[in-house]
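return a 3D structure for these sequence lines:
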Amino acid sequence: MMLFFKDTDKNPSNTYVSNPDLKTVNFHPSWSGTPKGDDGKFRNLYHPFESSLLDVLKWKLSTNPQKEEKEYDNRRLNVDFDPAIISGTEDYMIWMGHASYLMRINGVTLLIDPVLLDNMFLKRKSNLPMPVEQIPPLDYILISHGHRDHCDKKTIELLSTLHPKVTFLVGLEMKSLLSSWTTGHQIQEAGWYQEYDTGDSDLKITYLPSRHWSRRGLFDQNEILWGGYYFQTSSTSIYFMGDSGYGPHFQDIKNILGAPEYCIMGVGAFRPEWFMYQSHISPTDAIKAFNEMDGRYFIPMHFGTFDLSDEPLLEPLDILKENADELDGQLIMPVIGQNLLVTKNPVASSLKDQQFSKENYL
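As a prediction, this is how the structure comes out:
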């Protein structure tokens, strides 16, 4: 059954926006564009984001029940990188940590959500597979939303200098943020279900809804759009979730664009769940969403690099292993630096078939 935003044609106070220069791929009669509320701010399709300073204070002032567990769990993500991957001509998908991915698809090189340098807010707890200066020439940089663990000023400024011809693919209203960090780079803004102009008939990149929110400063909440990405070629499809809580939009995406071969799913920064559920999906709900999308390969992200929440850094992987039998597909070991495209990496296999212990992550 098709699911669509219940208020699309019923709430007269909403406005609906898109980029008129880009193609919209959602042709359902009830789809009018990306919704904004009567305050002019972007809103989720099904679950309005409820911002509460009291809830933030409650979380920050509460004792973390996993505090001791976090202190004694010193496991870290593995890094295993072969430079031949990026020097060759084959496609690849390389996890750089957290939500950062370096990809080559149909000969086009992409970098998603690059947060590659420490800043005053975030300190990496996993190594990069390569120095930033060794990233191959980029065609596109994609930034799913404006939160600082996905959009870093220092990283963007450095990449803009190193890749003067790169084009940015972002959500609506992000150009105003990026323009001062770049030097005349092309920036394409898309609304939900809009396809970017890549000039490649066999590479379609579509911006998609997620259940999240945005803020950079004190007074700009939900003024920049948030979302995920769907990559389609004649031979494969890849869904990048971005940040998202659980919701019906996962089924919508499958119904509109088809079941993705690869699903890159955020699984971390989910505790305490009473607070995080609006923004970040839990590992078990990520499995549920993956199954609803009829994905083939599940690739977990958004854990192990930045300490953003109450759970230990690698607890999401523990939970995924415990629930691996619930997956209607294959769970891929998330090793930083490896090529995670199964068709290009014969050693990639299910977590069910691999040893999983503290010795694997030190």
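
so where do the helices sit in the stretch 51-200 of the chain?
Assigned by DSSP state H, counting those that start in this stretch, the stretch 51-200 of the chain shows helices spanning 53-61, 67-72, 84-87, 153-162, 175-178.

can you tell me what sits against the second one?
Pointing back at helix 67-72 there. Helix 67-72 is contacted from outside by 64, 310, 311, 312, 313, using Cβ atoms under 8 Å, 6 or more residues apart in numbering. In short, each C-beta sits where N, CA and C put it, glycine included.

give me the buried subset of the residues you listed.
With neighbours counted using 16 or more other Cβ atoms under 10 Å, the contacts of helix 67-72 contain these buried positions: 310, 311, 312, 313.

pretty sure the second one sits in a helix.
No - residue assignment for residue 311, taken from DSSP: H, G, I helix; E, B strand; the rest coil, gives coil, which places it outside any helix.

pLDDT score for it?
pLDDT for residue 311: 97.

and the gap between the closest residue to it other than its chain neighbours and residue 310?
Distance criterion Cβ to Cβ, 6 or more residues apart in numbering; nearest residue to residue 311, sequence neighbours excluded, is residue 271 at 4.3 Å. Applying Cβ to Cβ, to the nearest Å, the value for residue 271 to residue 310 is 4 Å.

give the residues shared as contacts by these two.
In contact with both residue 271 and residue 310: residue 66, using Cβ under 8 Å, 6+ apart.

neighbours of residue 264, just the number please.
Neighbour count of residue 264, defined by other Cβ atoms under 10 Å: 29.

paired strands for the helix or strand harbouring it, with orientation please.
In the assignment (DSSP states H and E), residue 264 maps to strand 262-266. Note on strand 262-266: by DSSP bridges, its sheet partners are strand 237-240 (parallel), strand 297-301 (parallel).

ok so residue 316 is a strand residue?
No - counting by three-state DSSP, residue 316 falls outside a strand, being helix.

got a list of what it touches?
With contact taken as Cβ under 8 Å, 6+ apart, residue 316 is in contact with 267, 268, 270, 283, 300, 303, 304.

ok, the first one touching residue 323?
No - in terms of Cβ atoms under 8 Å, residue 267 does not count as a neighbour of residue 323; the distance is 10.8 Å.

who's more crowded, those two?
With neighbours defined as other Cβ under 10 Å, residue 267 and residue 323 compare such that residue 267 has more, 27 against 15.

chain neighbours aside, what residue packs nearest to residue 73?
In space, residue 73 is closest to residue 312, 4.2 Å off (Cβ to Cβ, 6+ apart).

okay, the one you found and residue 88: tell me how far apart.
Counting by Cβ to Cβ, the gap from residue 312 to residue 88 is 36 Å.

picking up where we left off before, list the residues that contact both of residue 267 and residue 323?
With Cβ under 8 Å, 6+ apart, residue 267 and residue 323 have common neighbours residue 283.

buried sites along the helix or strand bottoming out on mean pLDDT in the chain?
Using mean pLDDT, DSSP states H and E, helix 53-61 stands out as the lowest-scoring helix or strand of the chain, at a mean of 88. Neighbour-count burial for helix 53-61, with 16+ other Cβ under 10 Å as criterion, is recorded at residue 59.

name the helices or strands packed onto that helix?
helix 273-276 (3 or more Cβ pairs under 8 Å, 6 or more residues apart in numbering; DSSP states H and E).

pull the helix it packs on out as CSV, backbone CA atoms only.
Extracted C-alpha coordinates of helix 273-276, given in CSV (Å, rounded to 0.1, in the frame of the first residue of the first chain):
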residue,chain,number,x,y,z
GLU,A,273,15.7,6.0,23.3
TRP,A,274,13.0,8.1,24.9
PHE,A,275,15.0,11.1,23.8
MET,A,276,16.7,10.0,20.6
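
and the helix or strand just after it, what's buried?
Scanning forward in sequence from helix 273-276 by DSSP H and E, the next helix or strand is helix 283-293. Residues of helix 283-293 classed as buried by neighbour count (16+ other Cβ under 10 Å): 283, 284, 285, 286, 287, 288, 289, 290, 291, 292, 293.

what about helix 283-293, distance to the chain center?
Centre-to-centre, helix 283-293 and its host chain are 15 Å apart (Cα atoms, centre = their mean, to the nearest Å).

before we move on, what about stretch 46-62?
For stretch 46-62, the distance to the chain centre is 22 Å (Cα atoms, centre = their mean).

so how far does it reach from one end to the other?
30 Å (Cα to Cα, to the nearest Å).

circling back to that earlier point, tell me who's in contact with the residue nearest to residue 311.
Contacts of residue 271 by Cβ under 8 Å, 6+ apart are 66, 309, 310, 311.

one more: residue 104?
Here residue 104 is in contact with 86, 90, 91, 92, 110, 136 (Cβ under 8 Å, 6+ apart).

pLDDT score for the residue nearest to the third one when sequence neighbours are not counted?
Same thing as residue 91. Of all residues not flanking residue 91 in the chain, residue 104 sits nearest, at 5.1 Å (Cβ to Cβ, 6+ apart). For residue 104, the model assigns a pLDDT of 98.

now do residue 353
So, for residue 353, pLDDT stands at 47.

of all the contacts of residue 271, which two lie farthest apart?
66 and 309 (9.6 Å; Cβ to Cβ).

for the two, indicate the residue with more neighbours.
Set side by side, residue 66 and residue 309 show more neighbours around residue 309, with 22 against 16, by other Cβ under 10 Å.

ok, now which ones touch the closest residue to the more buried one other than its chain neighbours?
Among residues not flanking residue 309 along the chain, residue 269 sits closest, at 4.2 Å (Cβ to Cβ, 6+ apart). The contact partners of residue 269, by Cβ under 8 Å, 6+ apart, come to 276, 280, 302, 303, 306, 308, 309, 311.
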